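Undergrad: what follows is a predicted protein model with its sequence.
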Amino acid sequence: MENLLSDNWEVQAKHSTTEALQRWRDLCGVVKNPKRRFRFTANLSKRYEAAAMRKTNQEKLRIAVLVSKAAFQFIQGVQPSDYTVPKEVQDAGFQICADELGSIVEGHEVKKLKFHGGVSGIIQKLATNESTGLSTTNPEAVNRRQELYGINKFEESELKSFWVFVYEALQDMTLMILGVCAFVSLIVGIATEGWPKGAHDGLGIVASILLVVFVTAISDYRQSLQFKDLDKEKKKISIQVTRNGYRQKMSIYELLPGDIVHLSIGDQVPADGLFLSGFSVLIDESSLTGESEPVVVNSENPFLLSGTKVQDGSCKMLVVTVGMRTQWGKLMATLSEGGDDETPLQVKLNGVATIIGKIGLFFAVVTFAVLVQKMVSRKWHGGTIFRWYGDDALELLEYFAIAVTIVVVAVPEGLPLAVTLSLAFAMKKMMNDKALVRHLAACETMGSATTICSDKTGTLTTNHMTVVKSCICMKVQEVNELSNASSLSSELPQSVVKTLLQSIFNNTGGEVVVNENGKREILGTPTEAAILEFGLSLGGDFQAERQASKLLKLEPFNSTKKRMGVVLELPEGGLRAHTKGASEIVLAACDKVIDSNGEVVPLDEASISHLNSTIDKFASEALRTLCLGYMDLESGFSAKDDIPGSGYTCIGIVGIKDPVRPGVKESVALCRSAGVTVRMVTGDNINTAKAIARECGILTDDGIAIEGPVFREKSLEELLELIPKIQVMARSSPLDKHTLVKHLRTTFNEVVAVTGDGTNDAPALHEADIGLAMGIAGTEVNTIVAKESADVIILDDNFSTIVTVAKWGRSVYVNIQKFVQFQLTVNVVALIVNFSSACLTGSAPLTAVQLLWVNMIMDTLGALALATEPPNEELMKRAPVGRKGNFISAVMWRNILGQSLYQFLVIWFLQRYGKTFFRLRGYPDSDLVLNTIIFNTFVFCQLFNEVNSREMEKLDVLEGILDNYVFVTVIGATVFFQFIIIEYLGTFANTIPLTFFQWVVSILFGFFSMPIAVTLKKDFPIEN
C-alpha cells in the first residue's frame, strides 16, 4: 500500500507546489461525494485568482512609483484640483472622503497629498491629533467615522447553516443511486404487493439514507463550528496605538482612519497609512505585490500599504484607509476562500480511499454480475426465462442496491475526513493547553518531530527580567533591590549617572508611559523593560531625559549586529552616539572606559581583562549581559550617515536575571525519553547559554556548545561530523540558525521544530518542518512571525507547552492509524462476505439497509469514537515516527488481516452451519432469522473490534476507556440503535426479533474478537 501511495499521493507538510496539490486531485477516481471529500482542501482556483491579483498590484504600484517620482519634479506647479468634499462628510466634521484617501495612498499620489496640505493637512481633515491620537469618548462620532470610512475587517465567507451540510451530504452519488432504487422499489412494490407491505423495502432504504445524511451533517457541522472558533483565535492580533491621549495595545480590527499607530521591526502594517515620523524604515511589500526588493519609507515617500511588513526601523503612522477599501483587504478576502493546504495524511488517506474504492467498485460489479447470473440461471432451469414479473424486478433492484451499497461500504470516504475531525479535536484541546495551531499539517507533523531547536529567552526561561548586577566605573555591585540601586546612584559621580541615564532612556526600543489608570507602565521587550526599570530605580526621569535631547538617528537592534544605536543632539550643543548590545561585541567597539573616579581613560589590557572576566562571571551565573557605550561625534554627522562601529567609551555592563521556567527540566527529560533531541539556539553569551542549558538538562557531558561565528567558519565535512553533537549554539545569527535547521532536515533527514520570537527568526521558521512562535516574548510575535512564518503559536511561551503539542501530534497520528485499522477491517470483511456469499449461494446476507447502517458505524461514528481519543503518557515513551515511517504499519496489517480472517470464518460458519447450530431447520422464516443473526453478529464484531482498535500493540485495551466519554457514548448509542433495528424495525431493515439465546451468541461471537486480538499481539509480535 505504501509503495502504491509513495509517488503520487505525497505532499509536503509546508509549501507544497500547486502542481503537487493538483496531481492528487486528478488521481481521485472513485469519489462518492466531491463536496464532502474536498471540503477541507485548498481551493486552487481562488489561489490562482489571488496570484493574478498580486501581479496586478505589482504593476499598479510600479506605475504609481514612477508617476510619484515624476510628480516631485513638478510639485511646485500644483494647481488646486476640482475635489469637493461630499456633504455627508462635511456634516460629520471631516474634510476628506474615504475614496480620496484611498486614491492618495494606493496610487502614491504625491500631487493630491500636497494639495490636501501634506500629512499634517490630512491629520486636520480627519479630525485627529498626531500626539494624542483619536478621541473615542463620543460613541456617536465613532459610529459616524465607521459609517463613512469603514471598519478594518475584510469580507469572509459566512458560516454555512446546518441545512447546507445536509444538502452536501445528499450529494453522495451512491446515496442518490440508492434513493432512485428506493423510489423504483416503492413503485414496483406497491404495484405488486399493495400498501403498506410493498413499500417496506423502499421506505427502509429511504430511512437509512436520511439517517446517514443527518448523522453525517451533524458531525460535519460541529467540525465547521470548531474551525470557526479556531479562526477567531488566529485573528487576535494586537498593535501599539496612541488613542485618547495615551499609548495602548489594541486589536488591529478596531483601528479607524485617524488612529496613530506605532510600527517597529517585524510588524505587519495593519491598514493603509501615511508615515509621520521614524527612522530607517524599510518595508517588505512581497505579500501584496510579490516584489522582493524592500521599499524605503520616509517623509518623501510616506505611503504605507496594509499587509506589508516592517523589515527594518520603526515609525509612527497615520491610518487613512481600512478594511475592504485596501488592496490587502481584497486580496485577503480571496485568499481566505483559498483555504489551507491539505495535510500529508489527508492526501495519503485520499489515496487509500481511492485505491480501496477501485477494488470495491470491481467487487461490486462482479457481485452484481454473479447475482444476476445466478438469477438468470435459476429462471433458465425453471423454464421461466422469458416470463418476468414484478417480484423479479424487485429482486434485480435488490441486487443492484446491494452492489451500490458495497461501493458505499468499500469506498472509505470517511478516511480523509477522519484526519480533519481528529485534527480539529486536537486543535481545540491544544487551545486549552495554550497552543494555537495555525496550520492543520503542523499538528500532524509535530507528532513526527525528532529535533526541537529552542530559543532560550522566554521559552526555557520565564522572560521576567530584572537587572541584578552591574559593573559601572569598573566596580561590580549587586542592584537587585531598590535600595541597592539608590545607593549605587549616590556612590557614582553625577556626570557618570547623567551619561548612564542618557544612554538608558534614549538608546532604547521601549517606552515609559502613563496608562489610562494614571499608573506608570513600561512598554517594550522584557530586556528593554529590565534596563528601563534599572534607569528609573537610579532616580531617572524618562520623559525629561527624552525631551532634553533631540534624536537624530536610530538603528534598531537586530540579531545580525547584536546591538542598537542612536545619535543625539545634546542640549548644550554637540552630537553624541550611544550603543548597547551583546557585551563582548560592544566592548570590542570601545577603546576607552570610565574609571572609578568617573574619568574617561584609555582601555588598557588590565581593564579589558577585568571587564571580560566580569562578563564571564555574570554569564556563569546564568545572567544575560549587556554593555553600554557612548562617543561624542564631529558636528558634520548627517542622519544619512551610518552610526560609527567603533571608538566608543564603555559606560558599564549590566547582568540581567531571567530564571529558568519551572518544569522545563522535566519536559526536556521527557523529550529525551521520547527520542526527541532538544537543542538550544540563542543569541546570548556562550557561558550564559551553557549555564542555562545545564540547568535545563539540555547540555550533557557528550554534547557540544558552540558559538555562531565558529560554526559558520566550519567546512561542510566538519559540519557533518559536528551537527549531530551540537546541543547549544550561542551568539547565533539568523543565518546560523537557518543553516543548522537546513542541515538537520536535508542531510540528517530529521523532522525539525523551531521556536522563534522575532522577525529575524523568520528564515529558520520558514525552513523548519514546524515553526513555533512565542505568543508573549516577542514584541513582533503577534504580527510577522505568528501570521506568516509560524505554524503553531505557543501562547504562554513555555517549553512544556511545546512538549504538549508534540504529545497531541503523536495522538493525532496514532488515532488516525487506529481508525484506519478499524475501517479497513470492516471494508475487507464486508467485501469478502458479500462477494463470496453471492458467488456461493446466489444471495447476499447483508441487505442494502443493513450495509448502510454498518457504513455509518464504521464511517462517521467510528471516526468520532477513535479519532478523538485523548493522548496518554505512553505516547512519549515511543520513538518518533520520523520522516519515512510507514503510515499503515506491519502491526496494523497484522491486526487487520487477523480480525478479518476471524470475522470471515464466523460469518462463513453461520452461513454454513447456522441453521443447525440454532435449530432453525423447519422453522418458519429460517432464512430471515439466520440473516438477522449474521447481521447482528457482524455488527457486534465491529463494535468489539472498535474497542480492540484503541490499542494497536498493548494488551489492555480497556485502560482509560471511561475517560473518553465520546467513545463510550458512540458505543452505547450503537448498541441501543442495533437493538431497536433488530427488535422493532424488522419490516424496514429485513430483520426479525431474536431470542435471548440468539442475542447472547451474537454478542459472544463479537466478544471473542478481543481474545483473538490478544493472541495476535502476544503470539505474532512485530517490531515497529
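TA: Okay, I see it.
Undergrad: dump the residue contacts of Pro662.
TA: Pro662 makes no contacts at all, as judged by C-beta atoms under 8 Å, 6 or more residues apart in numbering. Every C-beta, even on glycine, is put in place using the N, C-alpha and C of the backbone.
Undergrad: what strand or helix carries it?
TA: In the assignment (DSSP states H and E), Pro662 maps to no helix and no strand.
Undergrad: quick one: it from Glu621, how far?
TA: 19 Å (C-beta to C-beta, to the nearest Å).
Undergrad: what do you get for Ala838?
TA: Ala838 is 80 Å from Glu621, by C-beta to C-beta.
Undergrad: and Thr937, by the same measure?
TA: Plainly put, Thr937 is 71 Å away from Glu621 if you go by C-beta to C-beta.
Undergrad: between these two, tell me which one has more neighbours.
TA: Thr937 (23 against 15; other C-beta atoms under 10 Å).
Undergrad: and the more buried one, what element?
TA: helix 926-948.
Undergrad: buried stuff in that helix?
TA: For helix 926-948, a neighbour-count test (16 or more other C-beta atoms under 10 Å) marks 929-948 as buried.
Undergrad: what is the least confident helix or strand in the protein?
TA: The least trusted helix or strand in the chain, going by mean pLDDT, DSSP states H and E, turns out to be helix 784, with a mean of 43.
Undergrad: immediately after it, which helix or strand?
TA: strand 792-794.
Undergrad: check which helices and strands that following strand sits against.
TA: Other elements packing on strand 792-794 under the criterion 3 or more C-beta pairs under 8 Å, 6 or more residues apart in numbering; DSSP states H and E are strand 435-437, helix 440-446, strand 770-774, helix 799-841.
Undergrad: and Ala369, which of these is closest to it?
TA: Closest of the helices and strands packed on strand 792-794 to Ala369 is helix 799-841, at 9.1 Å (criterion: C-beta to C-beta).
Undergrad: now do the helices in the stretch 301-450 of the chain.
TA: Remark: helices assigned in the stretch 301-450 of the chain by DSSP state H, counting those that start in this stretch are 327-338, 344-382, 390-410, 414-432, 440-446.
Undergrad: same question for the stretch 551-700 of the chain.
TA: Taking DSSP H, counting those that start in this stretch to define them, one finds helices in the stretch 551-700 of the chain at 583-588, 605-620, 664-673, 686-696.
Undergrad: just send these back as a markdown table, with distance to Cys28, mean neighbour count and mean pLDDT too.
TA: Listed next are the helices of the stretch 551-700 of the chain as a markdown table, based on distance: least, C-beta to C-beta, whole Å; neighbours: other C-beta atoms under 10 Å; pLDDT from 0 to 100:
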| stretch | distance to Cys28 | mean neighbour count | mean pLDDT |
| --- | --- | --- | --- |
| helix 583-588 | 56 | 20 | 92 |
| helix 605-620 | 58 | 16 | 92 |
| helix 664-673 | 38 | 18 | 90 |
| helix 686-696 | 47 | 22 | 91 |
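Undergrad: now those as a markdown table including distance to Leu910?
TA: What follows is those, written out as a markdown table (distance: least, C-beta to C-beta, whole Å):
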| stretch | distance to Leu910 |
| --- | --- |
| helix 583-588 | 81 |
| helix 605-620 | 76 |
| helix 664-673 | 48 |
| helix 686-696 | 61 |
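Undergrad: among these, which is nearest Leu538?
TA: helix 605-620 (18.8 Å).
Undergrad: contact partners of that closest one?
TA: 469, 471, 474, 476, 583-584, 587, 593, 601, 625, 627, 650, 653, 655, 684-688, 691.
Undergrad: contacting residues for Tyr630?
TA: Residues near Tyr630 by C-beta under 8 Å, 6+ apart: Thr499, Gln502, Ser503, Arg576, Ala577, His578, Thr579, Tyr648, Thr649, Ile651.
Undergrad: same deal with Cys471?
TA: Gln477, Leu611, Thr614, Phe618, Gly652, Ile653, Val654.
Undergrad: show me the contacts for Val681.
TA: Contacts of Val681 by C-beta under 8 Å, 6+ apart are Cys453, Ser454, Asp455, Met729, Ser732, Asp736, Lys737, Leu740.
Undergrad: in the sheet, who's paired with it?
TA: On the basis of DSSP bridges, Val681 is bridged to Met729.
Undergrad: ok, now how distant is it from Glu545?
TA: Here the criterion is C-beta to C-beta. By it, Val681 lies 36 Å from Glu545.
Undergrad: now Ala730
TA: Look at Ala730 and Glu545: by C-beta to C-beta, they are 33 Å apart.
Undergrad: higher neighbour count, these two?
TA: Taking other C-beta under 10 Å, Ala730 and Glu545 do not tie; Ala730 has more neighbours (27 against 18).
Undergrad: give the contact list for that one.
TA: Applying C-beta under 8 Å, 6+ apart to Ala730 gives the contacts Thr682, Gly683, Asp684, Asn685, Ile686, Thr688, Ala689, Lys690, Ala705, Ile706, Glu707, Gly708.
Undergrad: columns distance to Gly202 on top of these, output as TSV?
TA: Listed next are the contacts of Ala730 as TSV, based on distance: C-beta to C-beta, whole Å:
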residue	distance to Gly202
Thr682	71
Gly683	73
Asp684	75
Asn685	80
Ile686	79
Thr688	78
Ala689	74
Lys690	77
Ala705	76
Ile706	75
Glu707	78
Gly708	75
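Undergrad: what helix or strand is Pro845 on?
TA: Here Pro845 is assigned to no helix or strand, by DSSP H and E.
Undergrad: Ala169 reaches Tyr221, doesn't it?
TA: No. Assessed by C-beta atoms under 8 Å, Ala169 is found out of contact with Tyr221, at 9.9 Å.
Undergrad: quick one, which of these two is more surrounded?
TA: More neighbours surround Ala169 than the other of Ala169 and Tyr221, with 25 against 18 (other C-beta under 10 Å).
Undergrad: helix 390-410 and whatever helix or strand Leu210 lives in, what's the angle between them?
TA: Element membership for Leu210 (DSSP H and E) is helix 200-234. Orientation of helix 200-234 against helix 390-410 (axes from the mean of the first three to the mean of the last three C-alpha atoms, to 10 degrees) gives an angle of 20 degrees.
Undergrad: buried ones in helix 200-234?
TA: In helix 200-234, counting by 16+ other C-beta under 10 Å, buried: 200-209, 212-213, 215-217, 219-221, 223-224, 226-227, 230.
Undergrad: same question, stretch 346-363
TA: Using 16+ other C-beta under 10 Å as the test for burial, stretch 346-363 gives 346-357, 359-361, 363.
Undergrad: spit out the contact partners of Ala848.
TA: By C-beta under 8 Å, 6+ apart, the contact set of Ala848 is Leu178, Cys181, Ile205, Ser208, Glu398, Ala401, Ile402, Val404, Thr405.
Undergrad: any chance of CSV for those residues, columns distance to Glu254 and pLDDT?
TA: What follows is the contacts of Ala848, written out as CSV (distance: C-beta to C-beta, whole Å; pLDDT from 0 to 100):
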residue, distance to Glu254, pLDDT
Leu178, 52, 72
Cys181, 56, 73
Ile205, 54, 76
Ser208, 51, 76
Glu398, 63, 77
Ala401, 58, 74
Ile402, 60, 75
Val404, 54, 76
Thr405, 54, 71
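Undergrad: filter those down to the buried ones, PyMOL style.
TA: A single PyMOL command suffices to select whichever of the contacts of Ala848 are buried according to 16+ other C-beta under 10 Å:
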select buried, resi 178+181+205+208+398+401+402+404+405
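Undergrad: what about Asp312, distance to Leu552?
TA: The value you get for Asp312 to Leu552, if C-beta to C-beta is used, is 17 Å.
Undergrad: repeat for Ala973
TA: 73 Å.
Undergrad: more neighbours, the two?
TA: Leu552 (19 against 13).
Undergrad: I'd say the more buried one and Ser635 touch.
TA: No. Using C-beta under 8 Å, Leu552 is not in contact with Ser635; the gap is 11.7 Å.
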